[in-house]
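> curious how this folds, go ahead:
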Amino acid sequence: MKDQTTKRYAYVTALNVIITVAEFIGGFVSGSLSLLSDAVHNLSDVGAIVISFVAHLISNRRSNKQKTFGYERAETLAAFTNGVVLILISIVLFVEAIERFWQPTQISGGVMLIVSIIGLVANIVSMLAMHEDGEKNLNVRSTFIHMMSDALSSIAVVIGAIFIYFWKITWLDPLMTLLVSVFVFHEACSLTKKAANVLMESNPDIDLDEVNRIVLSFPEIKNIHHVHVWRYSDRYIMLDAHVNVDRDLTAGRFEELTDEISQKLAVLGINHTNFQVECERGKNNQMIASDQDKRGAE
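Numbering: from 1, shown residues only. Below is the predicted model of the structure:
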């Protein structure tokens, strides 16, 4: 899949460079703000795709002494960066569209229509190219959202160009830009929030009560505490916890217990489990350690 993803990044990058050049030229010739804004959006996408592509390559590197977890978080960093860039672009487009309402300009609808159709076709091809992997990878999804917002922007520009060309309704140009900027802002905020939650090692919607029930369903486990659940990357949801057991529990039996518990936790989506065994220490502590519990553990 990763080889296919690499090829798709190359195709999408080339297409977006072509779209950007065509729309800049068409925007200046026609005087269309929505076409120019779409060109600026596409230019930012070229940078975003390059960032995502580089992160994708870095993420394939193996773990080492400096990066013991590996490099998969590089893709999350890229997704967060792309999300922030999209938010800033949507704000700029929104402001420019408002200003254009009060300062309308003459627009050549014919040039605008031809260039916008070319951009629409290329953006749809790019979006479809990234769709499959975007369902599985946050970084690829950030690129897909860029492509989807471009496609919607192009649709808006095409619609505006048709009305401007046939009926000279020029105020549709900033209106379409306004609508697209609001949509991009919404999608970018959602993407940035997801990436930020991964970077902040937030709980990825794992039911901790169910985790507690599963672990304590094994009679050898007396208590579970100091629980940490986080998503490391698109592939790994990790759980780290302390468990209290009887002193006579053998290492061999605990290894078997860990395997059995891990299999049940996998149903919740947790696919990397690590337990620290204790007998008396922390036996009265809660699942999520309080400040007092943490000081006691130190």
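> tell me where the stretch 51-200 of the chain is predicted with low confidence.
Applying pLDDT under 70 to the stretch 51-200 of the chain picks out residues 105, 132-136.
> pretty sure Trp230 contacts Ile206?
No. With contact defined as Cβ atoms under 8 Å, Trp230 does not reach Ile206; the gap is 9.2 Å. The C-beta positions use only the backbone N, C-alpha and C, and glycine is treated the same way.
> quickly list what's touching both of those two.
Taking Cβ atoms under 8 Å, 6 or more residues apart in numbering as the contact rule, Trp230 and Ile206 both touch Ile237.
> okay, strands next: where are they in the protein?
Ranges of strands within the chain are 221-231, 237-245, 272-278, based on DSSP state E.
> who wins for proximity to Val85 among the ones you listed?
Among those, the nearest to Val85 by Cβ to Cβ is strand 221-231 (22.5 Å).
> what residues are bridge-paired with the nearest residue to Ser262 once chain neighbours are set aside?
In space, and not counting its chain neighbours, Ser262 is closest to Thr273: 4.5 Å by Cβ to Cβ, 6 or more residues apart in numbering. Going by DSSP bridges, Thr273 is paired in beta bridges with Leu239.
> contacts only, for Thr273.
Neighbours of Thr273 in contact, by Cβ under 8 Å, 6+ apart: Met238, Leu239, Thr258, Ile261, Ser262, Leu265.
> out of those, which end up buried?
Met238, Leu239, Ile261, Ser262, Leu265 (16 or more other Cβ atoms under 10 Å).
> so who does the second one touch?
What that stands for is Leu239. Contacts of Leu239 by Cβ under 8 Å, 6+ apart are Ile206, Val211, Val227, His228, Val229, Leu265, Ile270, His272, Thr273, Asn274.
> give me the pLDDT for it.
pLDDT, Leu239: 97.
> for it, give its distance to Leu199.
18 Å (Cβ to Cβ, to the nearest Å).
> now do the helices in this protein.
2-30, 33-59, 73-102, 109-134, 138-167, 172-199, 208-216, 251-265, 291-297 (DSSP state H).
> Ile270 against His228, yeah?
No. Ile270 sits out of contact with His228 when judged by Cβ under 8 Å, with a separation of 11.4 Å.
> between these two, which contacts overlap?
If you check Ile270 and His228 against Cβ under 8 Å, 6+ apart, the residues they both contact are Met238, Leu239.
> the more surrounded of the two?
Ile270 (21 against 13; other Cβ atoms under 10 Å).
> list the residues that contact that one.
So Ile270 contacts Ile206, Val211, Val229, Ile237, Met238, Leu239, Ser262 (Cβ under 8 Å, 6+ apart).
> quick one: closest of the strands of the chain to Ile159.
Among those, strand 221-231 sits nearest to Ile159 (Cβ to Cβ), with 39.3 Å.
> pull out the buried positions in the closest one.
Applying 16+ other Cβ under 10 Å to strand 221-231 flags Ile221, Asn223, Ile224, His225, His226, Val227, Val229, Trp230, Arg231 as buried.
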